[in-house]
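*Asks:* quick check, what structure comes out for this input:
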Amino acid sequence: MGRPRHEPDANQRRQVETLAGYGIPEHEIANLIGIDPKTLRRHYREELTHGHTKANAKVAENLFRKATGEGRESVTAAIFWLKTRARWKEVSVHEHGGIPGQPIEQVNEIRRIIVEPTLPGETGAGALPHRDDCSGK
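*Replies:* All right, here's what the predicted structure looks like:
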């Protein structure tokens, strides 16, 4: 003998639509309700199809309200909206200077630091041991 026939109620329909909107996989929604994934798709096709769209619309409404509002979060929301919806982008400008028509001058600089050796027994800032001090004599 099989399971009793599934009869969805309004509360279950709302729950499925909400979970689908959150991006929960169908097999997990079915498991939560206690039905087979095929039964879920058969009885809740519309909720599964429209759940994502309704959730995205609600988030977009909230983002739009924040982007057109006041306060610090409105700036962030407006920038995000314009980058994703209006195809705005941040542009990096690289300018090369130099004499027109001439190759760009590249400067590669190598610095040599010369430290004067100290006499045997001398110490001080930058003092390197004298070769006689290193010989062990």
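*Asks:* next SSE after the strand or helix carrying T49?
*Replies:* Element membership for T49, per DSSP states H and E: helix 45-67. Heading C-terminal from helix 45-67, the first helix or strand you meet, by DSSP H and E, is helix 72-85.
*Asks:* identify the residues contacting that following helix?
*Replies:* By Cβ atoms under 8 Å, 6 or more residues apart in numbering, the residues outside helix 72-85 that reach it are L63, F64, K66, A67, T68, G69, W88, K89. Using the backbone N, CA and C atoms, a C-beta is placed for each residue, glycine as well.
*Asks:* ok, back up a step: what's the helix holding T49 in contact with?
*Replies:* Contact with helix 45-67 is made by 13, 16-23, 26, 29, 40-41, 73-74, 77-78, 80-81, as judged by Cβ under 8 Å, 6+ apart.
*Asks:* please indicate which of these are buried?
*Replies:* Among the contacts of helix 45-67, those classed as buried by 16 or more other Cβ atoms under 10 Å are V16, E17, L19, A20, G21, E26, I29, L40, A77, A78, W81.
*Asks:* inside helices: which ones of the residues you listed?
*Replies:* Residues of the buried ones among the contacts of helix 45-67 located in helices (DSSP state H): V16, E17, L19, A20, G21, E26, I29, L40, A77, A78, W81.
*Asks:* what is the most widely separated pair among those?
*Replies:* L40 and A78 (39.2 Å; Cβ to Cβ).
*Asks:* shaky segments in this structure?
*Replies:* Within the chain, the segments meeting pLDDT under 70 span 1, 115-137.
*Asks:* identify the residue nearest the geometric centre of it.
*Replies:* In the chain, the C-alpha nearest the mean C-alpha coordinate belongs to F80, at 12.3 Å (Cα atoms, centre = their mean).
*Asks:* state the distance from that one to E73.
*Replies:* Per Cβ to Cβ, to the nearest Å, F80 is found 10 Å from E73.
*Asks:* wait, H43 sits on D9?
*Replies:* No: the pair H43 and D9 does not pass the contact test of Cβ atoms under 8 Å, sitting 10.7 Å apart.
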